[in-house]
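A.B. asks: here is a sequence together with a model predicted from it:
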Amino acid sequence: MSTTYRTPRRRARLALAAAVTVTAALTGTVSQAAPSASGTPSPSPGAAGLGDPMFPLDGNGGYRVDRYTLDFDWQAPRTPFEATATIKATATQSLSRFNLDFGGNTLHGVKIDGSAARTSRAGDELTVTPKSPLPKGRTFTAKVTYTADPTQTRHRDDAIEDYGWIPTADGTVVYPQPNGARLIFPANDHPSQRAPITFRITTPKDLTAVANGKLVDRTERPGDRVRWTYDSEQPLSTQLVQLAVGKFKLVDGEGPGGLPLRDVVPDALVEPTAEYRKLTPDHLAWLQEKLGPYPFDRYGLLVGDTDLAVALETQTLSLIPKADLLGTKVDAERNMVHELTHQWFGDSVALKSWSDLWVSEGHARFYERMYSEEHGGDSFEAAMKTAYAAHDQWRHDVGAPAEPTEPNLFKRMRYDGSALVLYALREQVGDATFQKIERAWVSGFRGKTASTQQFIDLASKVAGEDLEGFLRPWLYGSKTPPMPGHPDWVVDPVQG
Ligand SMILES: [Zn+2]
């Protein structure tokens, strides 16, 4: 994710984040089944959350999602519509009940393998109690019917600003990061939880729907409507979901090696944004030279017809606000390269927990700045020297790079402050070894989740030296270490 460099701070605060009643969800009545005589474990409730340090109730325990199939009978930008989420899952423990993350919307009911289940809601926790317990290893289908509210938005006081559904003049785009996917569909809403998704979006005939992955079907429906079916192809984290509706043109192109490219552009913006959109193949070639093969089967830009000045790395289809593509080339390319870099860091290699955000944002900013310097932008070194000077202050104000607090998650420390850690690592091990670390990371963890500790371990292994003692103070310490190779760089004293 990145915020545009020019557009002033946001207008009105659209909505307050809904209060999550943590204690209610954690201490809800537990209906334990009696222990069985055979000695097999008695069914017990799946955990309400995965215990993430930032968002303890995000994600759920006791099952794994194998596929989401999402049906949206979309009507108009601000009109509630009927929706169904069909969740194929496998029990990883003997389950008396389980939870989904689900916020707002009007729930109609949940069926497990065709039988009505008991439901209750507290905060963002939807608890589902099947008629009979689900044995460990059982594959089951949970069908959730609801009326979706496409105006649901939440707000954060960091670079995210507004997230959830963002209505446009004639349609919608979504900003699920960090945990707004639950406003769109009931989910295992944590970045470490990846599953493939089938989207079936029915719209009025004069509009186009898009989503992550490949368009696999377009079918005329009664009442001048059309159903668009997309398959994500690869599993994705819920924070990387995109679905958008509008008067779009689909502009096809080709990247290096014949990679299919498809930009999704509001009709009136096709020509005005063409010059910068044409640069994607160059960005792909530049990043592939550094990082190796692009990790997915296709890519494209979704041009956001919205005032929200935030770009987002939604998987295979990055959302770039129109303002970014109508300003200077340097600014446009910074955001384009930033979101494209995320396809390797954050999308293909997913976050194990939100404390690992520095890995994805640090890398996106690192390559964004490196590219920009080579293409008419600011000096990378000068930007890093500036970040170095502020680093103790940022540690004090918003936490060390790998030690964010929940309200300070998407602050500058996770961007330039974390690119600085990678810059220090490169100074320490040399450019050739650094490139080997980077390639080992994106190839070794391709399609998987990975943690900060795994980054430290892999860097040490590739470099052939223990980097724990070097990286830990950079990532967790309260004082900024000396910058290798730049003994003249100075950290400003902390104010306040
Ligand atoms: Zn980013």
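C.D. replies: Perfect, thanks for sending it.

A.B. asks: break down the stretch 1-150 of the chain into its strands, ranges please.
C.D. replies: For the stretch 1-150 of the chain, the strands defined by DSSP state E, counting those that start in this stretch cover 2-3, 44-45, 63-73, 81-91, 95-101, 106-112, 115-116, 118-122, 125-129, 139-148.

A.B. asks: quick one: neighbours of whichever residue of the stretch 251-400 of the chain sits closest to the ion, just the number.
C.D. replies: Across the stretch 251-400 of the chain, the shortest distance to the ion (Cβ to the ion) belongs to residue 364, at 4.3 Å. C-beta coordinates here come from the backbone N, C-alpha and C atoms, glycine included. Residue 364 sits with 27 neighbouring residues when counted by other Cβ atoms under 10 Å.

A.B. asks: my guess is it contacts residue 347, does it?
C.D. replies: No - using Cβ atoms under 8 Å, residue 364 is not in contact with residue 347, being 10.3 Å away.

A.B. asks: now for the two: what residues contact both?
C.D. replies: Shared contacts of residue 364 and residue 347, defined by Cβ atoms under 8 Å, 6 or more residues apart in numbering, are found at residue 313.

A.B. asks: what's the closest non-adjacent residue to residue 97?
C.D. replies: residue 129 (4.1 Å; Cβ to Cβ, 6 or more residues apart in numbering).

A.B. asks: my bad, should have said residue 411
C.D. replies: residue 398 (4.2 Å).

A.B. asks: so who does that neighbour touch?
C.D. replies: Going by Cβ under 8 Å, 6+ apart, residue 398 touches 404, 405, 408, 411, 412, 413.

A.B. asks: with residue 69 instead?
C.D. replies: Shown in contact with residue 69 (Cβ under 8 Å, 6+ apart): 85, 86, 87, 88, 197, 198, 200.

A.B. asks: and if you look at residue 255?
C.D. replies: Contacts of residue 255 by Cβ under 8 Å, 6+ apart are 261, 280, 281, 284, 285, 294, 299.

A.B. asks: repeat that with 6 Å
C.D. replies: Contacts for residue 255 were tallied using Cβ atoms under 6 Å, 6 or more residues apart in numbering; they are 261, 281, 284.

A.B. asks: can you list those in a markdown table and add distance to residue 253 and neighbour count?
C.D. replies: What follows is the contacts of residue 255, written out as a markdown table (distance: Cβ to Cβ, whole Å; neighbours: other Cβ atoms under 10 Å):
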| residue | distance to residue 253 | neighbour count |
| --- | --- | --- |
| 261 | 4 | 19 |
| 281 | 7 | 15 |
| 284 | 11 | 21 |
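
A.B. asks: mind putting the residues you listed in a markdown table, secondary structure included?
C.D. replies: Formatted as a markdown table, these follow (DSSP: H, G, I helix; E, B strand; the rest coil):
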| residue | secondary structure |
| --- | --- |
| 261 | strand |
| 281 | helix |
| 284 | helix |
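
A.B. asks: out of the contacts of residue 69, the closest to the ion would be?
C.D. replies: Nearest to the ion among these: residue 197, at 21.4 Å, using Cβ to the ion.

A.B. asks: residue 68 is in contact with that closest one, correct?
C.D. replies: Yes - assessed by Cβ atoms under 6 Å, residue 197 is found in contact with residue 68 at 4.6 Å.

A.B. asks: of the two, which one has the most company?
C.D. replies: residue 197 (27 against 24).

A.B. asks: pretty sure residue 433 sits in a helix.
C.D. replies: Yes - Residue 433 sits within a helix when classified using three-state DSSP.

A.B. asks: one step back: which pair in the contacts of residue 398 has the greatest spatial separation?
C.D. replies: 405 and 412 (14.1 Å; Cβ to Cβ).

A.B. asks: of those two, who's got more company?
C.D. replies: Counted by other Cβ under 10 Å, residue 405 and residue 412 do not tie: residue 412 has more neighbours, with 18 against 12.

A.B. asks: and the residue nearest to that one when sequence neighbours are not counted, what pLDDT?
C.D. replies: Counting by Cβ to Cβ, 6+ apart, residue 394 is the residue found nearest to residue 412 once chain neighbours are left out, at 6.4 Å. We have a pLDDT of 98 for residue 394.

A.B. asks: tell me the SS of residue 394?
C.D. replies: helix.

A.B. asks: same question, residue 275
C.D. replies: The three-state label given to residue 275 by three-state DSSP is helix.

A.B. asks: how many neighbours does the closest residue to it other than its chain neighbours have?
C.D. replies: Closest residue to residue 275 in three dimensions, ignoring its sequence neighbours and counting by Cβ to Cβ, 6+ apart: residue 329, at 8.0 Å. Neighbour count of residue 329, defined by other Cβ under 10 Å: 14.

A.B. asks: same thing with residue 65?
C.D. replies: Residue 65 has 21 neighbouring residues, counting by other Cβ under 10 Å.

A.B. asks: how about it: what's its closest non-neighbour residue?
C.D. replies: Using Cβ to Cβ, 6+ apart, the nearest residue to residue 65 is residue 195, at 4.1 Å.

A.B. asks: quick one: contacts for residue 187?
C.D. replies: Counting by Cβ under 6 Å, 6+ apart, residue 187 has contacts 101, 181, 238.

A.B. asks: you'd agree the last one is up against residue 189?
C.D. replies: Yes - shown here, residue 238 and residue 189 form a contact pair, counting by Cβ under 6 Å, at 4.8 Å.
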